[in-house]
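Novice: Would you be able to build a 3D model of this:
(one chain, ligands or ions: 2)
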Amino acid sequence: MEGTPTGFPREAVAARLLAASVRTSYDPVVDIDWSAPHVPGAYWMPPQRSSLYGTPLWKGLSEEQRVELTKHEVASAASAGLWFETILMQMLIRHYYDADPTSRHAQYALTEVADECRHSIMFGRLIEAMGCPVYRADPFDHLLGRWLKATATGPRMYAAILIAEEILDAFQREAMADESIQPLIRMVSRIHVVEEARHVRFARDELARQVEAAGPVGLAYARVVIGRAAYSITRRLVNPRAYAAVGIPPAAGVAAARANPHWRATLRWSAQRIAEHLTELGLVAGPGRLLWRRAGLIGD
Ligand SMILES: [Fe+2]
Ligand SMILES: [Fe+2]
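Specialist: Ligands and ions are numbered 1, 2, ... in the order given. Prediction:
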């Protein structure tokens, strides 16, 4: 699956990313102290990033319940993160299946799979350490994920990868710098941000090539799949069942979050970078654009 040549030499980019992976990689199983006690009363994410922040439901919660809600929202995001990483690993392995194993490009794809293996273990350990359930995707999204990981190639594959990585990255960059939140979350975020920066570089570079190589029909199809991926990823960030952990009926929590101007602003903030990038590439257009809007990732 060789893309058309662009201004970026593909092998040079991959070689640089491989060298960076050797310099800065983590093993979360040993680099994180999983048994360290949690800080009593500390939030698990900045409270203003909670999907219910500022709503009447939020005002009705005690301080302790607000902290608990942010814990379950983080567990939900970690569950969505490892679900998407599983999809991503299979997409990269399929990409590798057709690639030249002696190329740096193929070797970097495998290195990224290795990173994601460690990340998914890290997120699993995190959910366990927080004492939260795994918040799985609903059966329909689970099925869509199965389809995406089995079929996606070219622009829709790399765009879907970037949407998931860059939205999560926005939350984690903020969390790792916020000294008021749980140290465990800051550490997990820092590890993920450092390693994901390489993945984003790789995917952006490859996406530019794939867009050049794709024909108009392929791009039209890609725009719809990309819009649907953006919609699924956003809707899965906070699993409705997370609200039940603080006694809020899931449907009431979902309705309050969707109407919440703070949460709507947070979603647009988290997607700003990737929405701009994909718009520049012409990938946020047509019917797919409606899905971006319905997901709340772009304004009207
Ligand atoms: Fe990851
Ligand atoms: Fe990644």
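Novice: Where does the protein get nearest to ligand 1, residue-wise?
Specialist: Closest approach of the chain to ligand 1 (Cβ to the ion) occurs at residue 119, with a separation of 3.5 Å. All C-beta spots, glycine's among them, are computed from the backbone N, C-alpha and C.
Novice: For that residue, what are phi and psi?
Specialist: phi -60, psi -40 (degrees, to the nearest 10).
Novice: Also residue 106?
Specialist: phi -70, psi -40.
Novice: now residue 41
Specialist: Geometry field for residue 41 lists phi and psi as phi 80, psi -10, criterion degrees, to the nearest 10.
Novice: Now do the contacts for it.
Specialist: Contacts for residue 41 were tallied using Cβ atoms under 8 Å, 6 or more residues apart in numbering; they are 63-64, 67.
Novice: and of those residues, the nearest to residue 247?
Specialist: Proximity of the contacts of residue 41 to residue 247 (Cβ to Cβ) peaks at residue 64, which lies at 11.9 Å.
Novice: what's the closest non-adjacent residue to that closest one?
Specialist: Leaving out its chain neighbours, the residue that sits closest to residue 64 by Cβ to Cβ, 6 or more residues apart in numbering is residue 41, at 8.0 Å.
Novice: now swap in residue 154 and tell me
Specialist: In this structure, residue 154 finds its nearest non-sequential neighbour in residue 210, 4.6 Å apart by Cβ to Cβ, 6+ apart.
Novice: In three-state terms, label the one you found for me.
Specialist: Judged by DSSP: H, G, I helix; E, B strand; the rest coil, the three-state class of residue 210 is helix.
Novice: pLDDT score for the closest residue to residue 148 other than its chain neighbours?
Specialist: Nearest-residue entry for residue 148: residue 87, 5.8 Å, with adjacent residues in sequence omitted and distances by Cβ to Cβ, 6+ apart. At residue 87, the pLDDT value in this model is 91.
Novice: need the contact list for residue 87.
Specialist: Neighbouring residues of residue 87 by Cβ under 8 Å, 6+ apart: 145, 148-149, 160.
Novice: now the residue nearest to residue 64: how far from residue 257?
Specialist: Distance from residue 41 to residue 257, counting by Cβ to Cβ, to the nearest Å: 24 Å.
Novice: So which residues on the protein come close to ligand 1?
Specialist: Where the chain comes near ligand 1, counting by Cβ under 5 Å from the ion, the residues are 116, 119.
Novice: In the chain, which residue sits nearest ligand 2?
Specialist: Proximity to ligand 2, evaluated over the chain using Cβ to the ion, is greatest for residue 199 at 3.6 Å.
Novice: Find the helix or strand that that residue is a member of.
Specialist: In this assignment (DSSP states H and E), residue 199 forms part of helix 183-213.
Novice: Buried by neighbour count: which residues of that helix qualify?
Specialist: Taking 16 or more other Cβ atoms under 10 Å as the neighbour-count basis, helix 183-213 is seen to contain the buried residues 184-193, 195-211, 213.
Novice: List, one by one, the residues from this protein near ligand 2.
Specialist: Taking Cβ under 5 Å from the ion as the criterion, the chain approaches ligand 2 at residues 165, 196, 199.
Novice: ok, residues contacting the helix or strand of the chain with the lowest mean pLDDT?
Specialist: Counting by mean pLDDT, DSSP states H and E, the weakest-scoring helix or strand in the chain turns out to be helix 139-151, with a mean of 85. With contacts defined as Cβ under 8 Å, 6+ apart, helix 139-151 is touched by 83-84, 86-88, 90-91, 136-137, 160, 225, 228-229, 232, 235-236.
Novice: Now do the longest helix along the chain: distance to the chain's middle.
Specialist: Among the elements of the chain assigned as helix by DSSP state H, the one spanning the most residues is helix 63-97. Taking the mean C-alpha point of helix 63-97 and that of its whole chain, the gap between them comes to 7 Å (Cα atoms, centre = their mean, to the nearest Å).
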